[in-house]
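Asks: next one to model:
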Amino acid sequence: MSFFRDDISGNNSIRPFFSSLVALQGAEKNLNKDCLNSTLDPYLCFFPQYALQNIKTPYFILNSAYDVYQFHHIFVPPSSDPRGHWSRCKADPSACSTLQIATLQGLRSAMLTALKLFEGEPEVGMFINSCFAHCQSELQDTWFAPNSPTLDNETIAELVGDWYFERGAAQEIDCAYPCDSTCHNIIPSNQVGN
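Replies: Purely as a prediction, here's the structure:
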């Protein structure tokens, strides 16, 4: 899930990318009709802040508040940081300056504001942690291992199970970085220095 925003230089290169993608692939006909009726720009229906409110079936949101793919490629792409001021922070979140952490907290806050619409909705499950990671459901280490990330003492797999089997509230949102000691901060090695 991506709550795409402008990059650190104030540019937004991802929205034109998705606009071109919708046009190139003729994807508009496959996008949610309710979403399309609520906006003048069909490509916006690729973005969760527009698409989620039009989904009628139950769904589970699994995301990091600090999605490392978005961080490296959308929020701080190399083009927005030509002098490499963010390089150390991108390679190791513990090396971020106070100002960089504050900037990242702003990104987290924007995502959480959008998610407030779904809090308390039983058909919407969510596990939003404060790990620097992407795709946490594909690895046993982050899904259901003894040392997997947890929120309120539950792993991702346990919370998804609670949601799927309707065993109670299945919405957990983590505190802000760096509070979560269960994180597996997964920084792609090919991103170091970008």
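Asks: which SS state does the nearest residue to residue 160 once chain neighbours are set aside fall under?
Replies: Nearest residue to residue 160 in three dimensions, chain neighbours excluded: residue 60, at 5.8 Å (C-beta to C-beta, 6 or more residues apart in numbering). (C-beta placed from N, C-alpha, C; glycine too.) Under DSSP: H, G, I helix; E, B strand; the rest coil, the three-state class of residue 60 is strand.
Asks: how close does residue 60 get to residue 73?
Replies: 24 Å (C-beta to C-beta, to the nearest Å).
Asks: what residues are up against the residue nearest to residue 160?
Replies: With contact set as C-beta atoms under 8 Å, 6 or more residues apart in numbering, residue 60 has these partners: 124, 125, 126, 127, 160, 163, 164, 170.
Asks: rerun that using 7 Å as the cut-off
Replies: 125, 126, 160, 163 (C-beta atoms under 7 Å, 6 or more residues apart in numbering).
Asks: sec struct for residue 84, please.
Replies: coil.
Asks: quickly list the domain ranges of this structure.
Replies: 1-56, 57-193 (the TED database).
Asks: and those domains, which is most packed in?
Replies: Across the domains of the chain, averaging neighbours per residue (mean count of other C-beta atoms under 10 Å) puts domain 57-193 on top, at a mean of 16.
Asks: so in this structure, which helix runs the longest?
Replies: helix 98-115 (DSSP state H).
Asks: how far out from the middle of the chain is it?
Replies: Between the centre of helix 98-115 and the centre of its chain there are 11 Å (C-alpha atoms, centre = their mean, to the nearest Å).
Asks: any idea what residue 66 is bridged to?
Replies: residue 132 (DSSP bridges).
Asks: hmm, residue 179 and it touching each other?
Replies: No. Assessed by C-beta atoms under 7 Å, residue 66 is found out of contact with residue 179, at 12.0 Å.
Asks: which residues do those two both contact?
Replies: residue 130.
Asks: stretch 24-31 spans what distance, first to last residue?
Replies: Terminal residues of stretch 24-31 are spaced 14 Å apart (C-alpha to C-alpha, to the nearest Å).
Asks: first to last residue in stretch 48-61, what's the distance?
Replies: 10 Å.
Asks: I'd like the distance from the helix or strand that residue 50 is a member of to the chain centre, please.
Replies: Residue 50 is located in helix 48-51, with elements delineated by DSSP states H and E. Centroid displacement of helix 48-51 relative to its chain, using C-alpha atoms, centre = their mean, is 12 Å.
Asks: circling back: of the contacts of residue 60, closest to residue 139?
Replies: Nearest to residue 139 out of the contacts of residue 60 is residue 160 (C-beta to C-beta; 14.5 Å).
Asks: in a strand, that's where the closest one is, yeah?
Replies: No. Per three-state DSSP, residue 160 lies outside any strand segment and is helix.
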